[in-house]
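Colleague: Sequence plus predicted model, see below.
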Amino acid sequence: QVQLVETGGGFVQAGGSLRLACAASGRTNSRYAMAWFRQAPGKEREFVAANTWRPSTTYYGDAVKGRFTISRDGANNMVSLQMNNLKPEDTAVYYCAAGSVADTLPERYTYWGRGTQVTVSS
């Protein structure tokens with residue numbers, strides 16, 4: 001089993017920045033793809049970003065390209081999401097996920113954190 005814990009959510013005004021972190025523990029595997037998803041009330045879970053370790057490749061959802069950056073610290077089993085120029089539509093619960101392949105579909109990921117709330121005011 002792999003446990004994922006997200007931190008760093010909070011309240012920010014539009015145009016501001018937040019940095020989320022996800023710490024992995026348990027039977028971690030550096031070959032896992034790590035990803036961030038988000039889910040707003042009444043909406044489906046949405047792909048935000050994903051990273052593969054070696055080779056290091058990153059993927060972004062269209063809604064966040066150019067504003068969000070995913071990064072990974074394999075030695076410390078952590079993945080981060082730097083979010084800049086935040087918009088009210090970015091408000092959601094953000095989840096960290098791990099799986100054997102990077103994919104935009106949440107069902108392709110095996111392990112999930114409990115999520116952290118991000119609220120962006122206009």
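Modeller: Okay, I see it.
Colleague: CA only for contacts and neighbour counts going forward, please
Modeller: OK.
Colleague: wait, what's in contact with the spatially most central residue of the chain?
Modeller: Closest to where the C-alpha atoms of the chain average out (CA atoms, centre = their mean) is Trp36, at 2.2 Å. Neighbour list for Trp36: 47-50, 81, 94-97 [criterion: CA atoms under 8 Å, 6 or more residues apart in numbering].
Colleague: all strands for the chain, in order.
Modeller: Ranges of strands in the chain, per DSSP state E, are 2-7, 10-13, 18-26, 33-39, 46-52, 57-60, 68-73, 78-83, 92-99, 111-112, 116-121.
Colleague: burial count for Pro55?
Modeller: 8 (other CA atoms under 10 Å).
Colleague: now Ala24
Modeller: As a burial measure, Ala24 scores 25 neighbours (other CA under 10 Å).
Colleague: what's the answer for Gly9, then?
Modeller: By the criterion of other CA under 10 Å, Gly9 has 18 neighbours.
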